[in-house]
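Asker: have a look at this fold, sequence not included:
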Ligand SMILES: Nc1nc2c(ncn2[C@@H]2O[C@H](COP(=O)(O)OP(=O)(O)OP(=O)(O)O)[C@@H](O)[C@H]2O)c(=O)[nH]1
Ligand SMILES: C[C@H](OP(=O)(O)O)C(=O)O
């Protein structure tokens, strides 16, 4: 199955600005994309990066500068048969977690993100289209119902954590040891274990 991996190269991961400067955010975004593509490479599917501009990747890259929803819908419309969308910021994704996305035989399979987004999906119904941002998980359930598509939801911690906010970086450091964790260590980001929820802080010369 074709798997589109949307990637915005322009000013990635702005919500991480409290912890990472521009170059570090770009490096972490690239590292997350590599981790997602590495995990997809161990499934039996065909990833294509759907990027806002040309990027280096070991898989084909389609460049489309349109906003996310439009770019994904154009991509889905260009596929004859089922297709999937897996966000490039799922740093915790593993081949096993992704196989759980691909397993259900439903018209639409949704992997919700924390906060109500849609971190990954499979579209087997030809008329299903996406509408990202806001509570897109809820919107995608309604969009599926509107075209008569049945929906399966994947209950997966590793697919639910998309790296949006500084607190999500703690999950990367706790649960992974890939390119993203390495990029965070390079930037001096480390776990800050105090009372309450674990967080991250900066160490060394980069320390903020
Ligand atoms: N092709 C494409 N991908 C996008 C676009 N906007 C976001 N993405 C990708 O979609 C996924 C989810 O993005 P978000 O977390 O909503 O936004 P973000 O731009 O990564 O981060 P923020 O700047 O912090 O909102 C990530 O893999 C992004 O790289 C877009 O306009 N086009
Ligand atoms: C693209 C968007 O991602 P979020 O802003 O929730 O990370 C969504 O999943 O609808």
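Answerer: Thanks, I have it. The structure presented is a predicted model; accordingly, all values stated were derived computationally and were not measured. Residues are numbered from 1 along each chain as shown. Ligands and ions are numbered 1, 2, ... in the order given.

Asker: all helices for the protein, in order.
Answerer: 22-41, 68-77, 95-102, 136-146, 157-160, 166-175, 179-186 (DSSP state H).

Asker: would you mind listing what in the protein touches ligand 1?
Answerer: Where the chain comes near ligand 1, counting by C-beta under 6 Å from any ligand atom, the residues are 6-8, 12-15, 50-52, 67-68, 71, 87-89, 162, 164. C-betas here are computed from N, CA, C, even on glycine.

Asker: at 5 Å instead, please
Answerer: Residues of the chain lying near ligand 1 by C-beta under 5 Å from any ligand atom: 6-8, 13-15, 50, 52, 67-68, 71, 87-89.

Asker: spatially nearest residue to the residue nearest to the spatial centre of the chain (excluding sequence neighbours)?
Answerer: In the chain, the residue lying closest to the centroid (C-alpha atoms, centre = their mean) is residue 87, at 2.5 Å. Nearest residue to residue 87 in three dimensions, chain neighbours excluded: residue 119, at 5.2 Å (C-beta to C-beta, 6 or more residues apart in numbering).

Asker: surely residue 163 meets residue 88?
Answerer: No. Contact between residue 163 and residue 88 fails when scored by C-beta atoms under 8 Å: they sit 9.8 Å apart.

Asker: neighbour count for the two, which is higher?
Answerer: Neighbour totals were compared for residue 163 and residue 88, and residue 88 leads with 28 against 24 (other C-beta atoms under 10 Å).

Asker: who's in contact with residue 21?
Answerer: With contact set as C-beta atoms under 8 Å, 6 or more residues apart in numbering, residue 21 has no partners.
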